[in-house]
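Asks: Sequence isn't available, so here's the structure alone:
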């Protein structure tokens, strides 16, 4: 891989790397991988205000699963370095993933890459999330005592802020988590920061209170943007944008957008949503469950019309799509392995910007990124998978 100089915008400030993803940086990154670039592996967030000129790799690295020990830490760090060296510039994590270890592993990997001069900070699109209560490295002997001492006694949250004993999106808590995530990652600015599965709160909180909490969280996230701590925000969901309208846990993208506009007008920074999308969970494309005017459209269609970028999660369905796929899918998706077929399906979805794949070992990265040098499945061939005759 060609080495590039580390510029002044990557200076360390109070041990945090200054800078964020830029059009020039992400474009230069994509140009280092001409074959992947030629077949469309890098694409822009068209129509997304403030981000339409950034270049995103079609496959991003996720970091959800894995053991919470030093051996897994080392492999995750090596995997992240390998991923960037071979053409991934979208790194996705969350403060609760592996009890903050995944963020820290990414942080070490980024520092290693910057120190070597292989990338600049502005080449990488780094994303994290907050919402779930998280431990610090390991599960403490007394989890309740830990959370009480860390968050309740310090005044960061109240007992009433927590839903289901595990989820919080109170303003002070979100601000606190952004600070911890920045320190874990070693970055002054996180490119995309998501509220993590806010629909979890709907099990205990009535809709009016839920929307008040959502708007307060958005106000906190807008302040974080103004302070330079994050560049944009969004919602990373599991059920919210997949389940039918009226079903428990459903969230309306129109109402989320309205909340952002109420807080910050048209200059709001609610620009991303993350939705599970894979061969077994196709609702983001196939389920018309989002009100748009007088019609219902799919989440991907709504996002395209409103200038919101959609990132796909659970591409391999936590490993369940890495085996026993029907042979006809191999013929259509042209993947050598089941995992590659699953990745081809997700990354080829119309309107999906990046498909996230959890990769905890360098060997997984190298196998998965063979897909990056292949063209996307043509739209008519991809959509034919949804026909009754397919």
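Replies: Looks like it arrived, so ask away. Please read all numbers here as calculations on a predicted model, not as lab measurements.
Asks: Do a quick rundown of the helices in the stretch 151-300 of the chain.
Replies: Remark: helices assigned in the stretch 151-300 of the chain by DSSP state H, counting those that start in this stretch are 171-185, 207-226, 253-264, 283-286, 299-306.
Asks: quick one: which of those is nearest residue 65?
Replies: Residue 65 lies closest, by Cβ to Cβ, to one member of these: helix 171-185, at 18.0 Å. Any C-beta I mention is one placed from the backbone N, CA and C, and that applies to glycine too.
Asks: rewinding a little: want to try TSV for the helices of the stretch 151-300 of the chain, with mean pLDDT as columns?
Replies: Listed next are the helices of the stretch 151-300 of the chain as TSV, based on pLDDT from 0 to 100:
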stretch	mean pLDDT
helix 171-185	98
helix 207-226	97
helix 253-264	98
helix 283-286	97
helix 299-306	97
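Asks: For residue 40, find the nearest of the ones you listed.
Replies: Among the helices of the stretch 151-300 of the chain, helix 299-306 comes nearest to residue 40, with 17.5 Å by Cβ to Cβ.
Asks: Show me what secondary structure element comes after that closest one.
Replies: Using DSSP states H and E, the helix or strand that follows helix 299-306 in sequence is strand 309-313.
Asks: and that following strand, average pLDDT?
Replies: Averaged over strand 309-313, pLDDT sits at 98.
Asks: ok so, going back, I'd like the helices of the stretch 151-300 of the chain laid out as TSV, including distance to residue 386 and mean neighbour count.
Replies: Below are the helices of the stretch 151-300 of the chain laid out as TSV (distance: least, Cβ to Cβ, whole Å; neighbours: other Cβ atoms under 10 Å):
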stretch	distance to residue 386	mean neighbour count
helix 171-185	37	20
helix 207-226	32	18
helix 253-264	22	18
helix 283-286	6	20
helix 299-306	13	21
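Asks: To residue 364, which of the ones you listed lies closest?
Replies: Proximity to residue 364 (Cβ to Cβ) singles out helix 171-185 among these, at 21.5 Å.
Asks: which strands and helices sit next to the closest one?
Replies: Helix 171-185 sits against helix 101-116, strand 125-130, strand 190-196, helix 207-226, with contacts defined as 3 or more Cβ pairs under 8 Å, 6 or more residues apart in numbering; DSSP states H and E.
Asks: Select, out of these, the one closest to residue 340.
Replies: Among these, strand 125-130 comes nearest to residue 340, with 23.0 Å by Cβ to Cβ.
Asks: Which elements pack onto the closest one?
Replies: Helices and strands touching strand 125-130, by 3+ Cβ pairs under 8 Å, 6+ apart, are strand 90-92, helix 101-116, helix 171-185, strand 190-196.
Asks: Give me the residues contacting the third one.
Replies: Just to be clear, that refers to helix 171-185. Outside helix 171-185, the residues that touch it by Cβ atoms under 8 Å, 6 or more residues apart in numbering are 16, 93, 95, 100, 103-104, 106-107, 110, 126, 128, 130, 134, 151, 155-157, 161, 188-190, 193, 195, 216-217, 219-221, 223-224, 229-230.
Asks: quick one: that helix to helix 207-226, angle?
Replies: Angle of helix 171-185 versus helix 207-226, following axes from the mean of the first three to the mean of the last three Cα atoms, to 10 degrees, is 40 degrees.
Asks: need the strands for the chain, in chain order.
Replies: For the chain, the strands defined by DSSP state E cover 12-13, 16-17, 42-44, 55-57, 59-62, 90-92, 125-130, 190-196, 230-236, 270-276, 290-292, 295-297, 309-313, 352-358.
Asks: low-scoring stretches of the protein, by residue?
Replies: For the chain, the stretches with pLDDT under 70 are 1-14, 388-390.
Asks: list the contacts for the spatially most central residue of it?
Replies: By Cα atoms, centre = their mean, the chain has its centre lying nearest to residue 92, at 4.7 Å. For residue 92, the contact set (Cβ under 8 Å, 6+ apart) comprises 60-63, 127-128, 274, 311, 313, 356.
Asks: and it, what are its bridge partners?
Replies: Here residue 92 sits in beta bridges with residue 127, as judged by DSSP bridges.
Asks: any idea how far it is from residue 16?
Replies: 20 Å (Cβ to Cβ, to the nearest Å).
Asks: Please convert the strands of the chain to TSV, extending it with distance to residue 243.
Replies: TSV is the format used below for those (distance: least, Cβ to Cβ, whole Å):
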stretch	distance to residue 243
strand 12-13	43
strand 16-17	39
strand 42-44	28
strand 55-57	27
strand 59-62	22
strand 90-92	23
strand 125-130	20
strand 190-196	17
strand 230-236	14
strand 270-276	11
strand 290-292	11
strand 295-297	13
strand 309-313	16
strand 352-358	19
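Asks: Quick one, which of the ones you listed gets closest to residue 327.
Replies: strand 352-358 (22.2 Å).
Asks: And that closest one, what's buried?
Replies: Neighbour-count burial for strand 352-358 flags 352-358 (criterion: 16 or more other Cβ atoms under 10 Å).
Asks: angle of that strand against helix 299-306?
Replies: 130 degrees.
Asks: Relative to residue 383, which of the helices and strands packed on strand 125-130 is closest?
Replies: That would be strand 90-92 among the helices and strands packed on strand 125-130, by Cβ to Cβ, at 24.8 Å.
Asks: chain center to the closest one: distance?
Replies: 6 Å (Cα atoms, centre = their mean, to the nearest Å).
Asks: and the gap between residue 369 and residue 87?
Replies: Computed as Cβ to Cβ, the residue 369 to residue 87 distance reads 6 Å.
Asks: can you check residue 24 too?
Replies: Going from residue 24 to residue 87 by Cβ to Cβ gives 18 Å.
Asks: So for these two, which residue has more residues nearby?
Replies: Set residue 24 next to residue 87 and count neighbours by other Cβ atoms under 10 Å: residue 87 wins out with 23 against 14.
Asks: gap between the closest residue to the more buried one other than its chain neighbours and residue 123?
Replies: Residue nearest to residue 87 in three dimensions, not counting chain neighbours: residue 33, with 4.3 Å by Cβ to Cβ, 6 or more residues apart in numbering. Noted for residue 33: a distance of 12 Å to residue 123, by Cβ to Cβ.
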